[in-house]
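My questions concern the predicted model and sequence given below.
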Amino acid sequence: MNSERGVDATDARILLALAARPRATVVALAEQLGLSRNTVQARVTRMEQGGALGSFERRITPNALGHPLTAFVTARVDQRRLAEVSEALAGIDEVVEVFGLSGETDLLVRVVAADAEDLYRIAGQILAVPGIERTATALAMRELVPHRLTPLLRRAAAE
């Protein structure tokens, strides 16, 4: 594997095949890609261990779990309490992602909710976290470009 990026052209081809057919066996992938079973198995294992393959969780939709609303909460944080704030946010079930940002806002918190009342409750929980100074909440009206990596994988596979 390319140590700079972590994924070379062969790895990218394997990932593209897995993206198209997530349940494909190693043998099926090897046949499709013209690689040996051992090569595919070793590369998939290395990508799993190296973090190139994320969790299965990413494929589960919050809507299927009764949480059709997505919102983004931006938060200003007392920087000395960032670790404590991160830990507290991880303890809120409806917080599905947290990103540290540069600029005037410190955190971008992606949350899911059952309805507007539930979102209000969650936003209140976030604001109550010690170390969070201010929040603003924006409701996602609809997803215009879903999470995707296929264009980047195609480029990497062509290199």
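Ah, there it is.

Do you know the pLDDT at Ser55?
With respect to pLDDT, Ser55 has a value of 81.

what's the answer for Asn2, then?
Model confidence at Asn2 (pLDDT) stands at 39.

same thing with the one 3 residues further on?
You'll see Arg5 listed with a pLDDT of 57.

next one: Arg121
pLDDT recorded at Arg121 is 98.

With His147 instead?
89.

Cross-check the contact I'm expecting between Pro22 and Arg59.
Yes. If you go by Cβ atoms under 8 Å, Pro22 and Arg59 touch, sitting 7.4 Å apart. Placement of C-beta: from N, CA and C, glycine included.

Who are the packing partners of the biggest helix by length in the chain?
For the chain, the helix that runs over the most residues, judged by DSSP state H, is helix 37-50. Other elements packing on helix 37-50 under the criterion 3 or more Cβ pairs under 8 Å, 6 or more residues apart in numbering; DSSP states H and E are helix 9-20, helix 26-33.
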